[in-house]
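> Got a sequence here, can you build the structure:
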Amino acid sequence: MAESTDHTHAAQFRIPRVLWAAYGRIADRLDTDRTALLLDHVRADIREHGDEADLADLEQAERELSERRARKGGRPRRTSD
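Next up, the predicted model:
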């Protein structure tokens, strides 16, 4: 099956539950979520270690995310319950 370029990819990786829970608490204390923290880390790694092609892909991905958010009315505000 061909991969669609019209959406973001739901990546999966293995992580101990206790580590994932701790990371969630950190994200809460930083008033963000794990996805935002992981994306920031990926971006930083690409900027620091990426070659020209990687940086071009990062730029393309940022445009895609920006366009998606514009179509959907932006990222919804996180609510604390």
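> Name the helix or strand of the chain that has the lowest mean pLDDT.
For the chain, counting by mean pLDDT, DSSP states H and E, helix 52-72 ranks last in confidence among helices and strands (a mean of 91).
> Assign Gly24 to helix, strand or coil.
Three-state call for Gly24 (DSSP: H, G, I helix; E, B strand; the rest coil): helix.
> Give me the local confidence score for the residue nearest to it when sequence neighbours are not counted.
Closest residue to Gly24 apart from its sequence neighbours, by Cβ to Cβ, 6 or more residues apart in numbering: Arg34 at 5.9 Å. From N, CA and C alone the C-beta is placed, and that goes for glycine too. If you check Arg34, the pLDDT there is 97.
> doesn't Ala27 make contact with Arg34?
Yes. Counting by Cβ atoms under 8 Å, Ala27 is a contact partner of Arg34 at 5.0 Å.
> For Asp45, I want the exact helix or strand it lies within.
Using DSSP states H and E, Asp45 maps to helix 34-49.
> What helices and strands are in contact with that helix?
Judged by 3 or more Cβ pairs under 8 Å, 6 or more residues apart in numbering; DSSP states H and E, the packing partners of helix 34-49 are helix 17-29, helix 52-72.
> Quick check: which of those is nearest to Thr8?
Smallest distance to Thr8 across the helices and strands packed on helix 34-49 (Cβ to Cβ): 7.2 Å, for helix 52-72.
> Give me the helices and strands touching that closest one, please.
For helix 52-72, the packing partners by 3+ Cβ pairs under 8 Å, 6+ apart are helix 34-49.
> relative to helix 52-72, how tilted is the helix it packs on?
When axes from the mean of the first three to the mean of the last three Cα atoms, to 10 degrees is applied, the directions of helix 34-49 and helix 52-72 differ by 150 degrees.
> now helix 34-49 and helix 17-29, what's the angle there?
90 degrees.
> so who does Pro16 touch?
Residues in contact with Pro16 (Cβ atoms under 8 Å, 6 or more residues apart in numbering): none are found.
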